[in-house]
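In: need the 3D shape of this:
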Amino acid sequence: QVQLVESGGGLVQTGGSLRLSCTASGRTFSDYSMGWYRQALGKGRDFVAAISYSGGHTYYDNSVKGRFTISRDNAKNTVYLQMTNLNPADTAVYYCNTGVDGGVAGYTRSDYWGQGTQVTVSS
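Out: Here you go, the predicted structure:
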């Protein structure tokens, strides 16, 4: 059974930074793409960023491009989301997801989700 555990959320002021982590278990981490999504209160779950199995391909929503960086460490079975220049519109619960394949031609999410980590950006 695939398990995803996020960490690193918190409260930060506008313009601040946070780094989220997601550690995966239950299958060969280095074979699959990984992604981050977020869900603001009362809204749907939206794509944020994704990375291919080797890290050679990355994908970003336009709203975070240039501010967020996704990376992975296959030796630690962990994917990261470095978030900079945060603003109140980034406030949401952030979820980790594992893709259905290596992700070299785009990201397709699976039904595996972590429990989420809250990010709150104060103005």
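In: every contact and neighbour count from this point should use C-alpha atoms.
Out: Will do.
In: which one is the spatially most central residue of the chain nearest to, not counting chain neighbours?
Out: Note on the chain: the residue nearest the mean C-alpha position is Trp36, at 2.5 Å, using Cα atoms, centre = their mean. What sits nearest to Trp36 in space, not counting adjacent residues and going by Cα to Cα, 6 or more residues apart in numbering, is Cys96, at 4.7 Å.
In: re the thing from before, distance of the residue nearest to the centre of the chain from Thr108?
Out: Trp36 sits 12 Å away from Thr108, taking Cα to Cα, to the nearest Å as the criterion.
In: Ser30 too?
Out: For Ser30, the distance to Thr108 under the criterion Cα to Cα works out to 16 Å.
In: those two: which is more packed in?
Out: With neighbours defined as other Cα atoms under 10 Å, Ser30 and Thr108 compare such that Ser30 has more, 19 against 16.
In: which ones are touching the more buried one?
Out: With contact taken as Cα atoms under 8 Å, 6 or more residues apart in numbering, Ser30 is in contact with 53-54, 74, 77.
In: for Val93, name its beta-bridge partners.
Out: Val93 forms beta bridges with Gln39, Gln118, as assigned by DSSP bridges.
In: that one and Gln39 touch, don't they?
Out: Yes - in this structure, Val93 sits in contact with Gln39. The criterion is Cα atoms under 8 Å, and the distance is 5.3 Å.
In: next, Asn74: phi, psi?
Out: phi -70, psi -20 (degrees, to the nearest 10).
In: burial measure for it, as a count.
Out: Asn74 has 16 nearby residues by other Cα under 10 Å.
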